[in-house]
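*Asks:* Next come a sequence and a model predicted from it.
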Amino acid sequence: MDDLRKLTTKEKALQINLRPDIYGSFAEIGAGQEVAANFFKSGGASGTVAKTMSAYDMTFSDAIYGQCDRYVCEPRLMRMLEKEYELLGERLPERVSTTQFFAFANTVEALNYKKTNSPHGWIGFRFQLNPDTPPNDCIIHVKMHDNDNVLQQQALGIIGVNLIFGCLFIRNEAQLLSSLVDNISSDRIGIDMFRLDGPDFKHVDNRLMSLKLVKEGMTKATMFGPDGNVMQPSEVLYKKHVLILRGRFRPVTHVNVDMLLNARRHFKNEPDVDRNKIVVLTELTLNDLQGEQGINDKDFLNRVDIICSLGQNVMISNYPEYYRLVDYLTQFTRNNKIGIILGIHNLKKVFDESYYEHLRGGIMEAFGTLFGSNVKFYVYPSLREGSDEIYSMEDLGDELPPNLIYLFQYLVANDKMEKIKGANVDLLHIVTDDVLEKIKTGQPGWEVDVPRKVAAAIKENCLFDYPCDLEQKNKALNAKRLLSKEKI
């Protein structure tokens with residue numbers, strides 16, 4: 001793999017061109033035919049390229065791939081891949097038994113002349129690893145950051161060649177993902193969705209690939225649904241009202257569920273919220289996933305298995321500060337409402353000025369972003385440390401430094417923060433760390449602190465180091481394998 005990383009874009013394209021058994025088509029909409037151009041410029045393209053095309057005009061594009069409402073979207077990309085890949089076998093039947101066919105496609109919105117849009121694109125590769133076998137798919141979504149149209153086209157060409165080369169020659173999926181940004185920096189292009197599936201990649205868990213995107217700085221946030229399928233944030237959140245709960249979820253307890261249900265009830269009743277356009281997210285930040293020895297993949301999957309079992313969408317982000325998270329979400333919601341669910345102790349941290357010392361405008365600069373775009377906090381109570389006394393939002397208002405009291409009152413008076421009504425205070429004694437310790441050590445009684453589905457999943461799948469016997473572990477492993485095959 002070290003040698004592969006040293007290859008330039010031209011060298012990668014040439015290595016593919018020199019393989020007589022690899023042959024396919026390129027279809028690129030928008031931003032020019034930058035990927036195909038790399039193969040022509042490297043030499044020997046006649047051995048690789050069956051066809052290149054760019055159906056730039058919408059009418060021509062619709063005539064070839066069918067009508068659609070949006071041209072830069074995943075459904076359009078998939079139609080392109082299906083059409084182009086199918087044609088290879090139809091028109092080249094004599095090569096089916098000796099050739100690894102592929103279809104590469106992208107649909108891209110590059111920077112416009114006035115520089116008023118958000119450049120992004122969908123890129124896909126359908127490919128065989130052996131002749132006359134079912135194909136695999138690798139799909140990514142990119143965001144282009146260069147402030148020049150030509151530079152964006154160049155970046156697109158590089159990442160397209162990296163994708164094709166990685167899929168054909170790199171067998172380790174984690175290394176494949178990392179190779180996508182060979183010869184290009186994350187300052188120029190970001191990847192916020194990656195999906196690799198097919199008969200040769202049944203072992204790949206795309207949720208781990210989503211985590212890797214954030215860990216390696218290819219994006220600040222990524223998402224997947226309750227079924228474990230990765231999602232592209234801008235597609236899911238576009239013009240939606242978003243309600244988000246951040247936590248460690250190690251494991252999910254009755255407190256987490258009560259926070260979410262009560263806050264959602266408040267959110268639905270907001271006069272400016274359309275109930276049919278609400279997206280609820282549970283968020284894990286890299287900080288919350290960090291352990292003493294870094295981020296553990298098994299621990300990560302344990303948490304998301306639990307969250308997904310409750311039917312929730314999962315977001316992984318590298319936004320430890322709430323104002324950065326809000327700034328990220330507002331680019332998609334387009335002034336629709338954003339609800340942040342948090343406990344009183346986290347709200348206290350939000351008002352801690354030391355978190356904003358790196359900002360020129362300090363806490364006021366952060367709060368301008370945090371509360372300036374139709375954002376509202378829903379605040380859940382807690383118990384004061386070492387007692388049974390309820391600690392609520394009103395109590396915090398009385399404890400803040402004098403210079404912040406009026407700011408707090410202003411936010412409450414302007415409906416930017418609201419105490420969650422109906423919280424089940426009988427649950428406040430539940431401490432996640434205590435529950436986790438009981439699970440690990442096999443102590444009885446933890447089951448009453450978590451939803452029944454959560455308790456069942458922990459026991460059946462031996463999550464969070466629950467002491468299962470060997471038979472249970474084998475049963476859990478076989479169940480996961482069967483589930484993985486069903487998803488594929």
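*Replies:* Nice, thanks for sending it over. Numbers count the residues shown, from 1 in each chain.

*Asks:* Which pLDDT does the model give Gln472?
*Replies:* At Gln472, the model reports a pLDDT of 59.

*Asks:* what's the answer for Asn149, then?
*Replies:* 88.

*Asks:* and what of the one 3 residues further on?
*Replies:* Per-residue confidence at Gln152 stands at 93 (pLDDT).

*Asks:* Next, the buried residues of stretch 197-216.
*Replies:* 197-198, 200-201, 204-214 (16 or more other C-beta atoms under 10 Å). C-beta coordinates here come from the backbone N, C-alpha and C atoms, glycine included.

*Asks:* In the stretch 351-488 of the chain, where is pLDDT below threshold?
*Replies:* Scanning the stretch 351-488 of the chain for pLDDT under 70 picks out 470-488.

*Asks:* residue ranges of the helices in it, please?
*Replies:* 362-370, 393-399, 402-413, 432-441, 452-461, 470-487 (DSSP state H, counting those that start in this stretch).

*Asks:* Of all those, which one comes closest to Arg248?
*Replies:* Checking these against Arg248 by C-beta to C-beta gives helix 432-441 as the closest, at 6.5 Å.

*Asks:* Now the two most distant members of the buried residues of stretch 197-216.
*Replies:* Most distant of the buried residues of stretch 197-216, by C-beta to C-beta, are Asp200 and Val214, 25.5 Å apart.

*Asks:* Would you mind measuring from Glu84 to Glu94?
*Replies:* In this view, Glu84 and Glu94 are 19 Å apart by C-beta to C-beta, to the nearest Å.

*Asks:* So for these two, which sits in the more crowded spot?
*Replies:* Taking other C-beta atoms under 10 Å, Glu84 and Glu94 do not tie; Glu84 has more neighbours (24 against 8).

*Asks:* I figured the more buried one hits Phe101, correct?
*Replies:* No. Between Glu84 and Phe101 there is no contact under C-beta atoms under 8 Å: 9.9 Å.

*Asks:* quick one, what contacts the residue most central in space within the chain?
*Replies:* By C-alpha atoms, centre = their mean, the chain has its centre lying nearest to Thr222, at 1.6 Å. Thr222 makes contact with Asp192, Met193, Ser210, Leu211, Leu213, Val214, Val230, Pro233, Met315, Ile316, Ser317, according to C-beta atoms under 8 Å, 6 or more residues apart in numbering.

*Asks:* name the element the fifth one belongs to?
*Replies:* Here Leu213, judged by DSSP states H and E, is contained in helix 206-215.

*Asks:* Check which helices and strands that helix sits against.
*Replies:* With contacts taken as 3 or more C-beta pairs under 8 Å, 6 or more residues apart in numbering; DSSP states H and E, helix 206-215 sits against helix 173-179, strand 189-197, strand 221-224, strand 230-231, helix 286-289, helix 297-309, strand 313-317.

*Asks:* The residue nearest to Asn256 when sequence neighbours are not counted: neighbouring residues, count only.
*Replies:* Sequence neighbours aside, Gly247 is the residue nearest to Asn256 in space, at 6.0 Å (criterion: C-beta to C-beta, 6 or more residues apart in numbering). When neighbours are counted by other C-beta under 10 Å, Gly247 registers 23.

*Asks:* and Gly247, what pLDDT?
*Replies:* Looking at Gly247, its pLDDT stands at 95.

*Asks:* Need phi/psi at it.
*Replies:* With angles defined as degrees, to the nearest 10, Gly247 sits at phi -170, psi 180.

*Asks:* Bridged to the residue nearest to the centre of the chain, which residues?
*Replies:* Beta-bridge pairing of Thr222 under DSSP bridges involves Ile316.

*Asks:* Can you give me the distance of it to Gly30?
*Replies:* 23 Å.

*Asks:* Over to Leu111?
*Replies:* For Leu111, the distance to Gly30 (C-beta to C-beta) stands at 11 Å.

*Asks:* Pick out whichever of the two has more residues nearby.
*Replies:* Each of Leu111 and Gly30 had its neighbours counted (other C-beta under 10 Å), and the higher figure belongs to Leu111 (21 against 18).

*Asks:* residues in contact with that one?
*Replies:* Applying C-beta under 8 Å, 6+ apart, we find Leu111 in contact with Asn117, Pro119, Met144, Asp146, Asn147, Asp148, Asn149, Gln152.

*Asks:* Could you say which helix or strand holds it?
*Replies:* Here Leu111 is assigned to no helix or strand, by DSSP H and E.

*Asks:* With the one 10 residues further on instead?
*Replies:* When elements are defined using DSSP H and E, Gly121 is found to belong to strand 120-127.

*Asks:* That strand packs against which elements?
*Replies:* Contact here means 3+ C-beta pairs under 8 Å, 6+ apart; on that basis strand 120-127 packs against helix 74-91, strand 100-109, strand 136-144, helix 149-169.

*Asks:* And His141, how close does it get to Ala50?
*Replies:* Noted for His141: a distance of 26 Å to Ala50, by C-beta to C-beta.

*Asks:* Counting neighbours around each, name which of the two comes out higher.
*Replies:* Regarding His141 and Ala50, a neighbour count based on other C-beta under 10 Å identifies His141 as having more, with 27 against 19.

*Asks:* That one bridge partners, please.
*Replies:* Judged by DSSP bridges, the bridge partners of His141 are Trp122, Met193.

*Asks:* My read is that it contacts Gly121, right?
*Replies:* Yes. Between His141 and Gly121 there is a contact under C-beta under 8 Å: 7.4 Å.

*Asks:* just to revisit the earlier point, out of the helices and strands packed on strand 120-127, which gets nearest to Gly368?
*Replies:* Among the helices and strands packed on strand 120-127, the nearest to Gly368 by C-beta to C-beta is strand 136-144 (24.2 Å).

*Asks:* Quick check: buried residues in that closest one?
*Replies:* In terms of neighbour count (16+ other C-beta under 10 Å), strand 136-144 has its buried residues at Asn136, Asp137, Cys138, Ile139, Ile140, His141, Val142, Met144.

*Asks:* Tell me the one of the residues you listed nearest Arg275?
*Replies:* Relative to Arg275, the closest of these is His141; by C-beta to C-beta it sits at 28.1 Å.

*Asks:* per-residue confidence for the residue nearest to Leu289 when sequence neighbours are not counted?
*Replies:* Nearest residue to Leu289, sequence neighbours excluded (C-beta to C-beta, 6+ apart): Ile295, at 4.8 Å. For Ile295, the pLDDT comes out at 93.

*Asks:* Quick check: bridge partners of Ile295?
*Replies:* The partner list for Ile295 in beta bridges (DSSP bridges) reads Gln290.

*Asks:* number of nearby residues for it?
*Replies:* Using other C-beta under 10 Å, Ile295 is surrounded by 15 other residues.

*Asks:* pretty sure it is in contact with Leu284, am I right?
*Replies:* No. Counting by C-beta under 8 Å, Ile295 does not reach Leu284; the two are 10.1 Å apart.

*Asks:* Need the residues touching each of those two.
*Replies:* With C-beta under 8 Å, 6+ apart, Ile295 and Leu284 have no common neighbours.

*Asks:* Indicate which one of the helices of the stretch 351-488 of the chain is closest to Gly343.
*Replies:* Short answer: helix 393-399, nearest of the helices of the stretch 351-488 of the chain by C-beta to C-beta, at 10.2 Å.
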